[in-house]
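# Predicted structure and sequence below. I'll ask about it afterward.
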Amino acid sequence: MNILITGANGQLGHEMRLVSRNSKDNYLFTDVVPAEGVETVLLDMTDADAVRALVGANDIRCIVNCAAYTNVDKAESDEQLCHRLNAEAPKILAEVMKEVDGLLVQISTDYVFGGDPYNTPCREEQSGTPTGVYGKTKLEGERNIQAVGCDHVIIRTAWLYSEFGRNFVKTMLGLTATKPRLNVVFDQVGTPTYAYDLARAIETVLEDYERENPHGRYSKTGIYHFSNEGVCSWYDFTKKIAELAGHTACDIEPCHSDEFPSPVKRPAYSVLDKTKIKQTFGIKVPYWTDSLTVCMENMKAMR
């Protein structure tokens with residue numbers, strides 16, 4: 001099967017490159033800019049003609065959309081671009097996949113929640129109540145895909161990190177190594193997600209789709225949740241990062257979210273219920289501290 005990856009030079013895209021090395025499928029990695037050391041086909045996914053031409057020329061049967069506008073704060077002042085990438089582009093990808101009877105795997109976010117108070121893990125059928133432009137555009141992207149009606153698997157994830165790019169783990173590694181004291185919010189609770197674990201889950205979806213080889217609607221079309229197992233706050237996450245790194249000199253203290261003013265109200269509780277994806281695809285999800293340990297060991301090896 002021929003598979004196209006968008007956003008291939010981001011965190012998840014890099015992990016999809018790693019996963020693809022042991023796959024019998026053919027992968028085409030695309031992004032809007034090249035990256036040193038990896039082969040990248042340049043593609044503007046907001047250009048419908050360009051997407052259609054690339055899909056046709058390479059007999060693409062599946063698109064995994066790892067690309068998005070993810071700067072949550074900046075999105076508030078850059079709404080037009082955010083909307084193009086998060087809402088309009090997924091619609092284009094869905095339309096092209098529908099034309100070729102293919103599958104679209106769309107990566108979405110816990111930020112589609114957050115407007116209503118709740119303290120139990122979010123399920124797929126729960127109403128989206130985003131509080132900012134980023135979450136609103138990602139939710140609109142989901143709905144656009146559903147309206148087009150192509151075979152699709154929408155995977156909402158949260159607190160993504162990896163060995164690649166900029167992310168919370170790398171930021172906290174730097175700060176806990178150089179700061180004598182650090183305040184980190186404890187009133188936002190969720191679950192970190194190691195991008196490699198998410199990439200492996202996507203691989204499982206792709207393999208299932210290929211086995212089913214649907215003529216018509218893919219029976220597992222729908223929305224799913226994926227993050228690592230367990231629950232923590234950003235404070236807990238930081239404490240574990242520092243512990244694993246041996247950064248014992250930094251005094252890490254819990255604080256409230258309002259001590260860090262932001263144009264966006266972030267979800268206070270965004271733990272995702274993963275029952276559906278585990279039961280549907282037989283996926284075993286690693287515990288968050290186990291995956292964090294693996295990632296940090298990989299970072300050390302890459303130095």
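Structure received.
# residue boundaries of the helices in the chain?
Listed in chain order, the helices found in the chain under DSSP state H are 11-20, 48-57, 79-83, 89-99, 133-148, 168-178, 195-212, 234-245, 275-281, 288-302.
# tell me, how many neighbours does the nearest residue in space to residue 111 that is not next to it in sequence end up with?
Spatial nearest neighbour of residue 111, excluding adjacent residues (CB to CB, 6 or more residues apart in numbering): residue 135 at 3.5 Å. For every residue, glycine as well, the C-beta is placed using N, CA and C. Other residues lying near residue 135 total 27 when counted by other CB atoms under 10 Å.
# Please apply the same query to residue 77.
Applying other CB under 10 Å, we find 10 residues neighbouring residue 77.
# And for residue 225?
25.
# do residue 128 as well
Per other CB under 10 Å, the neighbour tally for residue 128 reads 20.
# ok, now which ones touch residue 9?
Residues in contact with residue 9, defined by CB atoms under 8 Å, 6 or more residues apart in numbering, are 29, 31, 33-35, 38, 40.
# Report the contact partners of residue 226.
Taking CB under 8 Å, 6+ apart, we find residue 226 in contact with 155-157, 193, 197-198, 201, 272, 274, 277, 283, 285.
# Sort out which of the residues you listed are buried, if you could.
The neighbour-count criterion (16 or more other CB atoms under 10 Å) marks 155-157, 193, 197-198, 201, 272, 274, 277, 283, 285 among the contacts of residue 226 as buried.
# and these as TSV, adding distance to residue 211?
Putting those into TSV (distance: CB to CB, whole Å) gives the following:
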residue	distance to residue 211
155	19
156	24
157	24
193	26
197	21
198	21
201	16
272	26
274	22
277	17
283	15
285	21
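# pLDDT and distance to residue 112 added to the residues you listed, as a markdown table?
As requested, these are arranged in a markdown table below (pLDDT from 0 to 100; distance: CB to CB, whole Å):
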| residue | pLDDT | distance to residue 112 |
| --- | --- | --- |
| 155 | 98 | 12 |
| 156 | 98 | 7 |
| 157 | 98 | 11 |
| 193 | 98 | 15 |
| 197 | 98 | 21 |
| 198 | 98 | 17 |
| 201 | 98 | 18 |
| 272 | 97 | 11 |
| 274 | 98 | 16 |
| 277 | 98 | 16 |
| 283 | 97 | 21 |
| 285 | 98 | 20 |
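# which among the residues you listed gets closest to residue 240?
In terms of CB to CB, no member of the buried ones among the contacts of residue 226 lies closer to residue 240 than residue 193, at 14.3 Å.
# Tell me if I'm right that residue 160 and residue 14 touch.
No. Taking contact to mean CB atoms under 8 Å, the distance of 11.7 Å between residue 160 and residue 14 leaves them out of contact.
# Residues that sit against both of those two, list them.
With the criterion set as CB under 8 Å, 6+ apart, the overlap between the contacts of residue 160 and residue 14 is residue 195.
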